[in-house]
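**Q** give the three-dimensional model of this entry:
(one chain, ligands or ions: 1)
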Amino acid sequence: MFDLTGKCAVVTGGGRGIGRGISLALAAAGADLFVTGRSSAMLEATVAQIRAAGGRAVAMPADITDMAVPGSLAERALAEFGRLDVWVNNAGSAAREDVGALIDLNEGQWDRVVDLNMKSAFFGAQAAARAMRGRGGGSIINITSRSGSHPNPMTGQYGAAKAGVENLTMTMGVEWGHMGIRVNAVAPGVVVTEETMAVLTGDRSQKQIDTVPLGRLGQPHDIASACVYLASDEAAWVSGITIPVNGGSRIAIGYLAYLRKAAKAREG
Ligand SMILES: NC(=O)c1ccc[n+]([C@@H]2O[C@H](COP(=O)([O-])OP(=O)(O)OC[C@H]3O[C@@H](n4cnc5c(N)ncnc54)[C@H](OP(=O)(O)O)[C@@H]3O)[C@@H](O)[C@H]2O)c1
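**A** The predicted structure is shown next:
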C-alpha cells in the first residue's frame with residue numbers, strides 16, 4: 001500500500017515546515033524528490049536527510065512567485081529523473097507585514113499573499129499538468145488551509161487565496177482528468193512549525209489546542225500522510241477534492257481572538 005517507488009515528486013517549499021515533512025514522507029514511500037524554495041541551505045538539509053536514508057533527491061533554489069520558475073522546475077525534474085508523477089504546491093504563508101484587518105488592507109498586502117498562495121499554486125499546477133500530459137498523467141496536490149473554508153480575520157486575503165485554490169482544484173480536476181491527471185488539496189489546521197510556534201507564544205498555543213477535539217496541534221507528518229495517499233495509486237479514483245486534516249477542529253486560527261479583541265474595543 002502507498003508505494004511510490006519509481007515516481008518522481010516535486011515539492012515547493014520543501015526545505016522547512018510542512019513541506020519538509022511532505023518531502024521526507026514521499027521519499028520514505030519510495031519517490032525520487034525534487035525540492036524547491038528560496039533558502040538553499042534548508043533545501044540541502046532536506047536533500048541530505050533523504051539521501052542519508054537511501055533515497056534520491058535534488059534541490060533547486062528558486063522563488064516560486066517568479067512566473068518563469070514553475071515551467072523550468074518541471075523541465076529540470078523531467079531532465080533529472082526522466083518523469084514527473086507528483087507535484088505538491090506547498091509553498092505559502094502570510095508574512096507578518098501582511099497581517100491586518102480587511103478594512104485597512106492595502107494593495108501590496110493583497111498582492112504578496114494572493115500571488116504566493118494562489119497565483120503561484122495555479123501556475124505550478126499548470127506547469128505540472130503540461131509535463132504530465134501525454135506521459136501517463138500524475139497527481140497534483142495543493143496545500144490549502146482550514147482558512148480556505150472559514151472566515152479568517154486579520155488575514156482575510158490569505159483565506160480568500162486558499163479558497164480560490166480549492167475552487168481551482170475542482171476545475172483542474174475536471175479539465176485534466178481525461179489526461180490521467182488527478183488534482184486534490186489538503187487543508188491543514190494549525191500545524192507545529194517554527195513559524196507557527198513563533199506566533200503561538202504564551203498561552204496562545206494552549207488556546208489553539210483547546211479548539212481541537214483530538215487534543216493536540218498537527219505535526220508536519222499528519223499532513224504528509226494525506227499527501228502520500230493522494231500521490232499513490234491507491235488514490236487512483238480520487239480527484240477534485242479537499243481533505244481537511246485538522247484534528248477535527250472547525251475554528252479558524254484568529255477567529256476567537258478577533259472577536260475577543262473587538263468586544264474589548266467596544267467596552268472601551
Ligand atoms: N503551519 C500551519 O499551521 C498551516 C496551517 C494551514 C495551512 N498551512 C499551509 O501549509 C503550507 C506550508 O506551511 P508551513 O507552515 O510549513 O510554512 P512555513 O514554515 O512558513 O514554510 C513555508 C515554506 O514555503 C517556502 N516559500 C515561501 N515563500 C516562497 C517563495 N516565494 N518561493 C519559494 N518558496 C517559498 C518557504 O521556503 P523559503 O522561505 O526558503 O523560500 C518554506 O519552505 C503553506 O501553504 C501554508 O499556507 C500551514
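
**Q** the stretch 1-150 of the chain against the ligand: which residues are in contact?
**A** Counting by C-beta under 6 Å from any ligand atom, the stretch 1-150 of the chain comes close to the ligand at 12-13, 15-19, 37-39, 42, 63-65, 90-93, 116, 143, 145. All C-beta atoms are positioned from the backbone trio N, CA, C, and that covers glycine.

**Q** which residues does the closest residue to residue 250 other than its chain neighbours contact?
**A** Sequence neighbours aside, residue 150 is the residue nearest to residue 250 in space, at 7.5 Å (criterion: C-beta to C-beta, 6 or more residues apart in numbering). Residue 150 sits next to 159, 250, 251, 252, 255 when contact means C-beta atoms under 8 Å, 6 or more residues apart in numbering.

**Q** which of these has the largest number of neighbours?
**A** Of all the contacts of residue 150, the most densely surrounded is residue 159 (25 neighbours; neighbours counted as other C-beta atoms under 10 Å).

**Q** just checking, what packs against the longest helix seen in the chain?
**A** In the chain, taking DSSP state H as the definition, the longest helix is helix 156-176. In terms of contacts (3 or more C-beta pairs under 8 Å, 6 or more residues apart in numbering; DSSP states H and E), helix 156-176 is packed against helix 107-114, helix 120-132, strand 138-143, strand 181-188.

**Q** do that again at 7 Å, thanks
**A** Helix 156-176 makes packing contacts with helix 107-114, helix 120-132, strand 181-188 when contacts are defined by 3 or more C-beta pairs under 7 Å, 6 or more residues apart in numbering; DSSP states H and E.

**Q** could you check whether it is close to the ligand?
**A** No. Counting by C-beta under 6 Å from any ligand atom, the ligand is not contacted by helix 156-176; separation bottoms out at 6.9 Å.

**Q** just the residues contacting that helix, thanks.
**A** Contacts to helix 156-176, defined as C-beta atoms under 7 Å, 6 or more residues apart in numbering, come from residues 94, 102, 105, 109-110, 113-114, 117-118, 121-122, 125, 129, 142, 144-145, 147-149, 152, 182-185, 239-240, 242.

**Q** and it, what's buried?
**A** 156-166, 168-170, 172-173, 176 (16 or more other C-beta atoms under 10 Å).

**Q** then stretch 214-225?
**A** Quick answer for stretch 214-225 (16+ other C-beta under 10 Å): 217, 218, 220, 222, 223, 224, 225.
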